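A.B. asks: Provided below for reference: sequence and predicted model.
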Amino acid sequence: ASPAGAVLPDEVVPHITVVTGWRILRASPDRQRDPAKLAAVRDAGGAKSESQSTEALTGHWREEQLFVLEQTIRLWDFAQGLMRECDGQIEALLKTLPVKTEATPRAPRSKPRKNQVTFDGRTLLHQRLGMDLTQIKGLDLLTLLTVFSESGTDLSQRYPTDNHYVSWLGLAPGTKKSGHRVLSTRSRRTTNRAATALRLAGQSLLKSPNSELGAFGRALRSRIGAEKAITAVAAKLARRIYLSLQTGHVFEDRGASYHDEQHQQRNLTSLRKRARRRGMQLVPLSEDAIGSENPHEH
């Protein structure tokens with residue numbers, strides 16, 4: 001138990017992966033026990049003072065726990081080294097692709113994910129594709145690298161249309177029939193890594209309040225469930241990748257309001273068709289009529 005008012009370790013270093021945390025962790029297995037010396041390696045820009053850090057680092061040192069800590073740090077460094085070697089191979093493969101433009105992409109709209117590659121993959125991919133597909137909302141560098149590692153960058157050579165591409169990914173509705181009766185429209189099960197990456201991107205878009213595809217997915221989720229809605233969003237992302245490469249223009253997200261307007265327009269079109277089939281016509285109400293309508297009238 002800590003005395004009242006004492007500074008706790010997690011108050012000084014909330015995450016061990018920040019600069020101060022790593023410096024202290026790497027100094028501890030080296031048999032450094034003096035709290036003042038451990039606090040001295042802290043980052044000068046930290047929120048807590050050196051005296052507060054010294055207080056938080058004062059405690060008992062157990063040899064078996066320090067041994068485990070040393071083993072864990074070595075394992076972490078080994079894994080990071082393997083990941084850097086993998087990133088080097090990916091970078092070398094990207095550089096073998098023909099260059100279509102020397103332009104550099106615009107600054108990213110959000111902070112990169114922690115598991116992204118260590119090299120400037122956005123610039124390399126942009127120069128090889130002739131466009132920056134990370135501008136498509138929901139797609140980041142890692143997702144695109146996963147997709148192109150499975151399908152290649154020249155999609156039109158293998159897939160004549162975007163429908164062929166979506167079907168190859170396993171994101172298209174199924175066509176299981178018996179005679180003229182449709183038995184199931186469930187998309188076929190697949191282990192395609194590109195499809196999995198696009199589904200993960202589609203799942204994240206469902207949480208995006210200002211995204212066109214996010215609004216599309218949420219509308220579907222209320223009717224057909226989350227799993228099918230995510231697949232439908234993933235299929236739209238695949239189409240945007242294909243059509244962007246075909247046309248040379250990146251598909252920009254038009255926002256959730258665009259989807260809502262299109263949805264309302266489709267509803268009105270459907271109502272007009274139903275009215276015409278019954279020999280009637282829809283007439284919009286005036287503003288005065290709307291204001292005088294009794295809300296309790298049924």
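C.D. replies: Perfect, I can see it now. Residues are numbered from 1 along each chain as shown.
A.B. asks: going forward, measure contacts and count neighbours with C-alpha atoms only.
C.D. replies: Fine.
A.B. asks: Look up which helix or strand residue 91 falls in, please.
C.D. replies: Using DSSP states H and E, residue 91 falls within helix 63-96.
A.B. asks: mind checking how far that helix is from the chain centre?
C.D. replies: 24 Å (Cα atoms, centre = their mean, to the nearest Å).
A.B. asks: All the helices of the chain, in order from the start?
C.D. replies: 9-12, 19-27, 35-40, 50-56, 63-96, 121-129, 141-151, 155-158, 162-169, 193-205, 212-224, 226-247, 256-277, 287-292 (DSSP state H).
A.B. asks: Residue 133: what's it in contact with?
C.D. replies: Contacts for residue 133 (Cα atoms under 8 Å, 6 or more residues apart in numbering) come out as 126, 139, 144, 241, 244, 250.
A.B. asks: again, only using 7 Å
C.D. replies: Applying Cα atoms under 7 Å, 6 or more residues apart in numbering to residue 133 gives the contacts residue 250.
A.B. asks: measure it to residue 127 for me?
C.D. replies: Distance, residue 133 to residue 127, by Cα to Cα, to the nearest Å: 11 Å.
A.B. asks: Need the overlap of contacts for these two.
C.D. replies: By Cα under 7 Å, 6+ apart, no residue touches both residue 133 and residue 127.
A.B. asks: hmm, which helix or strand of the chain has the shakiest average pLDDT?
C.D. replies: Using mean pLDDT, DSSP states H and E, helix 9-12 stands out as the lowest-scoring helix or strand of the chain, at a mean of 53.
A.B. asks: Going by neighbour count, which residues in stretch 217-234 are buried?
C.D. replies: Residues of stretch 217-234 classed as buried: 217-221, 226, 228-234 (neighbour count, 16 or more other Cα atoms under 10 Å).
A.B. asks: Dump the residues you listed into TSV; add distance to residue 85 and pLDDT as well.
C.D. replies: Shown next, in TSV, are the buried residues of stretch 217-234 (distance: Cα to Cα, whole Å; pLDDT from 0 to 100):
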residue	distance to residue 85	pLDDT
217	38	91
218	40	91
219	43	89
220	42	88
221	41	90
226	38	89
228	37	89
229	37	91
230	33	92
231	33	91
232	36	92
233	34	93
234	30	94
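A.B. asks: ok, residue 252 - how many residues close by?
C.D. replies: A count of neighbours around residue 252, defined by other Cα atoms under 10 Å, yields 13.
A.B. asks: pretty sure it contacts residue 134?
C.D. replies: No: counting by Cα atoms under 7 Å, residue 252 stays clear of residue 134, with 10.3 Å between them.
A.B. asks: circling back: what is the most widely separated pair among the buried residues of stretch 217-234?
C.D. replies: Maximum pairwise distance in the buried residues of stretch 217-234, criterion Cα to Cα, is 14.7 Å, between 219 and 234.
A.B. asks: No further questions, thank you.
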